[in-house]
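J.: Fold the stuff below for me.
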Amino acid sequence: MDTHTVEGETYATVVVGGSAGGIATAVRAAREGAPTLLITYNQHLGGMMAGGLSYTDTLVMKPRSPILDEFFEAVREHYATTYGRDSQQYEYCEDGYIFEPRVAEETFETFVDDEDDLTVVRGYHPVSADRSNDTVNAVTFESFDGDRSFTTEGSVFVDATYEGDLLAAVGVSYRVGREPRSAYDEQFAGRIFTGIRSDRYYPREAVGHADDSAPMDRRGPLHVPEEKRRGSLDLVPHPAGLTEIFPGSDGRGDNAIQAYNYRLCLARDPENRRLPERPESYDREEFIEELPHVRESGLRSYLTLRYLPNDKADMNAADLPGENYDYPEGSWERRDEIAERHREHALGLLYFLQNDEEVPDEIRSDAREWGLAADEFEDNDNFPWQFYVREARRLDGRYTFSEGDARLAPALSRTPVHADAIAYAEYPLDSHACRDVRRAGGEPEGFFYASQVTRPSQIPYRALLPKDVDNLLVPVPLSSTHVAYGTIRLEPTWMHIGEAAGFAASLAHEHDVAPASLDVDALQRRLAVADHSLSFFNDVDAETDEPWAPAVQYFSTKGFFESYDARPDDVLESSVARTWVDAAAALAEGGAYDATERASAVDSEASSTPVRRGEFVEMLRSAFDDVGGLESGESDDELTRGEACQLLWDALVSEVQDSPEDAERLRSRLVDSEASGPT
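T.: Numbering: from 1, shown residues only. You can find the predicted model right below:
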């Protein structure tokens with residue numbers, strides 16, 4: 001859309017960044033009735049999810065959040081409709097989790113086209129902001145050619161850029177680089193030398209690594225039987241060995257960030273394959289030392305080729321550790337120089353493998369089977385338009401998500417519980433190399449892949465909020481340490497968090513408050529009713545079709561579950577019933593609430609008697625002022641844990657002041673008139 005249509009306009013929500021997370025934020029805000037402006041840096045939508053990263057970095061293969069699930073469904077239907085469900089293309093899309101870049105971009109374009117309340121402006125970046133104390137009033141944007149600019153006002157601003165450019169323009173505090181180990185007591189923090197012991201996996205029954213004999217498929221040895229999954233966790237295992245920390249890892253903090261690259265989309269079909277020409281800056285000496293690694297691992301493993309539909313592959317190689325330090329806070333001229341250096345390096349690597357006489361004939365022949373896909377990125381010489389900025393600025397917010405948030409909490413069989421959780425992460429803590437030095441037998445400095453300790457974690461709303469600005473939300477470069485960013489910086493996780501930010505922006509618009517002043521409990525209830533997961537469960541997902549499902553999601557943030565098993569169909573035990581009622585009463589009273597401490601008090605293994613419906617209702621009456629309608633149903637009926645959560649929800653909602661619209665949503669979604677009557 002032309003910029004003259006937005007100059008001087010005021011929007012309820014202004015989202016900066018056409019990343020997948022930004023699109024999820026903007027689409028959700030618009031769907032909820034908030035007039036929304038989405039500003040993207042180039043002419044394309046989707047960020048890395050459409051710019052080369054063609055398979056989904058997630059270990060969760062079940063519903064998670066509505067827009068993310070719609071994306072997978074749209075991809076799945078594209079391949080089913082275009083090629084048929086019996087086709088190889090449909091098989092290779094793996095239920096929508098693997099896709100060609102152009103298919104992802106087309107899907108995102110459809111998402112934004114379908115929203116009447118969403119305006120998209122392309123090719124601009126933020127340069128300054130008008131701010132009054134804790135409020136951003138307006139932001140000025142400039143085109144990349146420098147010839148045009150415009151200013152727009154907004155009620156809520158959202159930074160969904162990979163670079164954190166909006167938060168910098170607004171002037172809120174942020175961090176770049178690595179924290180020292182001492183700052184957050186993080187095992188993998190600061191300067192670290194590691195190696196991967198692929199012959200010695202951390203107990204497979206605990207973290208779910210595939211058997212050594214598992215056959216390689218398009219994504220590697222990921223798809224394994226249910227009993228081989230991550231112990232008791234319903235996650236697809238990732239084929240990574242144990243990260244061992246080597247001597248010399250002093251944990252010092254610095255300004256280093258993990259390496260960037262371009263994710264090339266390669267094609268093997270001769271009719272759709274362009275072998276790269278020799279780059280202008282080509283220097284074979286850059287690549288000759290890599291030959292031993294290529295010989296040892298083979299071409300596919302060295303280039304980390306993951307197969308895609310239509311005889312294509314995603315290449316994840318050609319990192320340049322240490323050559324991106326200027327990028328986060330650099331000018332766009334400097335950023336372009338760094339991106340061009342990485343572009344030439346990636347193309348140079350392919351050219352070397354395909355043409356250099358020192359490359360063994362077999363490897364050279366294998367390499368020449370692959371070239372740039374001629375039907376991808378057609379307006380950019382078949383090269384990805386999105387630079388893989390894995391890490392840049394990160395917000396210094398009201399809560400800093402750290403390594404401890406993604407590891408088991410003491411006395412619990414899960415990670416810490418956040419009372420303000422609005423999404424979850426599950427991918428292993430990881431970092432690509434930060435410096436091109438290494439210990440003998442190890443990886444370049446800064447590399448780690450901590451699958452042995454990572455567990456699904458809750459993302460607190462506070463991590464999206466700057467300390468001193470109330471109407472800025474940051475769902476992509478959110479408040480996190482360098483180590484912990486590794487479990488967050490995945491496109492599906494950003495879409496999950498971004499959609500929550502869209503709900504928050506729309507709710508702030510409805511109630512005419514800043515996002516920092518939102519009733520987070522009301523936001524969580526809206527998310528839960530909308531089939532948006534607040535916590536990972538083995539036995540409950542976002543689309544569980546039971547009236548108690550939103551209540552279980554909501555109470556997962558309040559410490560009702562000490563593990564990843566909700567067990568909603570199990571009979572409620574008296575010890576758990578009393579703990580839950582006391583916790584719900586504390587919630588109704590307000591004040592300080594430690595959800596992790598509450599979870600530590602839940603003992604589902606304690607020997608106690610089942611609680612009947614009538615007995616539980618009496619417990620609620622003693623704890624809440626108004627539980628009208630909860631008395632219906634047979635008092636001697638056994639009560640399941642899921643039903644108990646629903647009754648607690650009904651009692652709690654009667655105590656809080658949701659808007660009439662929200663209250664109606666809650667009632668229509670949750671109240672089963674035959675079981676518990678009207679509230």
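J.: From His342, how far off is the nearest residue to Gly84 once chain neighbours are set aside?
T.: What sits nearest to Gly84 in space, not counting adjacent residues and going by C-beta to C-beta, 6 or more residues apart in numbering, is Tyr90, at 6.6 Å. Any C-beta I mention is one placed from the backbone N, CA and C, and that applies to glycine too. According to C-beta to C-beta, to the nearest Å, Tyr90 and His342 sit 34 Å apart.
J.: The helix or strand where Asp314 lies packs against which elements?
T.: Secondary structure assignment for Asp314, by DSSP states H and E: strand 312-315. Under the contact criterion of 3 or more C-beta pairs under 8 Å, 6 or more residues apart in numbering; DSSP states H and E, strand 312-315 touches strand 264-267, strand 305-308.
J.: Single out the most deeply packed of the ones you listed.
T.: Mean neighbour counts were taken over the helices and strands packed on strand 312-315 using mean count of other C-beta atoms under 10 Å, and the top value, a mean of 26, falls to strand 264-267.
J.: would Leu620 count as being in a helix?
T.: Yes: the assignment for Leu620 (DSSP: H, G, I helix; E, B strand; the rest coil) places it in a helix.
J.: Against Leu648, how distant is it?
T.: For Leu620 relative to Leu648 (C-beta to C-beta), the value is 7 Å.
J.: try Ala168
T.: Ala168 is 43 Å from Leu648, where distance means C-beta to C-beta.
J.: More neighbours: those two, which one.
T.: Leu648 (30 against 19; other C-beta atoms under 10 Å).
J.: hang on, the earlier thing: quick check: the residue nearest to Gly84 vs Thr110, distance?
T.: Separation of Tyr90 from Thr110 (C-beta to C-beta) stands at 19 Å.
J.: ok, the two, which is more surrounded?
T.: When neighbours are counted by other C-beta under 10 Å, Tyr90 and Thr110 differ, and Tyr90 comes out ahead with 21 against 12.
J.: Give me the contacts around the host helix or strand of that one.
T.: According to DSSP H and E, Tyr90 maps onto helix 88-92. Outside of helix 88-92, the residues within contact range by C-beta atoms under 8 Å, 6 or more residues apart in numbering are 76, 79-80, 82-84, 98, 218, 307-310.
J.: quick one: that helix to chain centroid distance?
T.: 26 Å (C-alpha atoms, centre = their mean, to the nearest Å).
J.: Check which residues of it are buried.
T.: Residues 89-90, 92 are the ones in helix 88-92 that count as buried (16 or more other C-beta atoms under 10 Å).
J.: With just CA atoms, put it into CSV.
T.: In CSV, the C-alpha atoms belonging to helix 88-92 read as follows (Å, rounded to 0.1, in the frame of the first residue of the first chain):
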residue,chain,number,x,y,z
GLN,A,88,5.8,-37.5,-3.2
GLN,A,89,5.4,-33.8,-2.7
TYR,A,90,2.7,-34.4,-0.1
GLU,A,91,4.8,-37.0,1.6
TYR,A,92,7.8,-34.7,1.7
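J.: Quick one: name whatever helix or strand follows it.
T.: Moving toward the C-terminus from helix 88-92, the next helix or strand (DSSP H and E) is helix 101-113.
J.: name the helices or strands packed onto that following helix?
T.: helix 20-31, helix 66-83.
J.: tell me the angle the helix or strand that that helix is followed by makes with helix 20-31.
T.: Next along the chain after helix 101-113, taking DSSP H and E as the criterion, comes strand 118-122. Inter-element angle recorded for strand 118-122 and helix 20-31: 150 degrees (by axes from the mean of the first three to the mean of the last three C-alpha atoms, to 10 degrees).
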